[in-house]
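Student: Here is a sequence with its predicted model. Questions after.
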Amino acid sequence: MESLYELWGKRNPEWEERYQDSVISVFSDYGKGVNQYQEVRGKIYGAGYEVFILAFFIGLYSNKTKTLIEDKAKRKHFGWAISNWGTGESRLGRTQYPRLREYMFAALIARTDIDFIALDKGEITQRKVVDDLITKMEEYANYGFDFIKEKLEENPNYFFKETAFLRVFLDFLKKDEEDDAMDDVPESLD
């Protein structure tokens, strides 16, 4: 029997078509054409799924999801199973990144409501669990795409600085630290 990780790896998550030109093609070699954000800039990422991974982590770190549009005709996928993401030697001297897929899977297991006892008893199928994992993955990425799109609309140069994406994640961590600090303040007895 295949593991949940192997079954998840065979899947090809969907994303909303509206993010192709506004986000994915801005940062990657996915698709062709020009839009107002990319003009003559170089691409940061090679494959479109690399932008999906980034959007996923933005949703994950902010702990926010956004349901995909119902109309399946307005959804796309990369045509490349998750298990193949990051397996090829890529441009700009990047190396393969199989561990990143493992971290994504672990995060999805932690953040998706799965009844593992029911799975073990056969009350739910592995397919149902993998469907739920993929849905959660798509929803995190969808939020991330929306976040990136909004930032680009506010400032088209926002992500075209060397540490721009790092700054986004550091801001999420900073917010968590501030929230934790607020939790440490005792309630007033007045």
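Tutor: Yep, it's here. Numbers count the residues shown, from 1 in each chain.
Student: Is Ile109 in contact with Leu133, as I believe?
Tutor: Yes - with contact defined as Cβ atoms under 8 Å, Ile109 and Leu133 form a contacting pair (7.4 Å). Bear in mind the C-beta positions are built from the backbone N, C-alpha and C, glycine included.
Student: Phi, psi for Glu14 please.
Tutor: Dihedral pair for Glu14: phi -100, psi 160, per degrees, to the nearest 10.
Student: Sticking with Ala55, tell me its helix or strand.
Tutor: According to DSSP states H and E, Ala55 maps onto helix 48-62.
Student: ranges for the strands of this structure?
Tutor: 14-16, 75-77 (DSSP state E).
Student: ok so, going back, more crowded one of Ile109 and Leu133?
Tutor: Ranked by neighbour count (other Cβ atoms under 10 Å), Ile109 and Leu133 place Leu133 first, with 23 against 16.
Student: Would you confirm that the more buried one contacts Thr112?
Tutor: Yes - if you go by Cβ under 8 Å, Leu133 and Thr112 touch, sitting 5.5 Å apart.
Student: quick one, what contacts Glu123?
Tutor: Neighbour list for Glu123: Asp115 [criterion: Cβ atoms under 8 Å, 6 or more residues apart in numbering].
Student: any idea how far it is from Val129?
Tutor: Going from Glu123 to Val129 by Cβ to Cβ, to the nearest Å gives 11 Å.
Student: likewise Asn12?
Tutor: Counting by Cβ to Cβ, the gap from Asn12 to Val129 is 17 Å.
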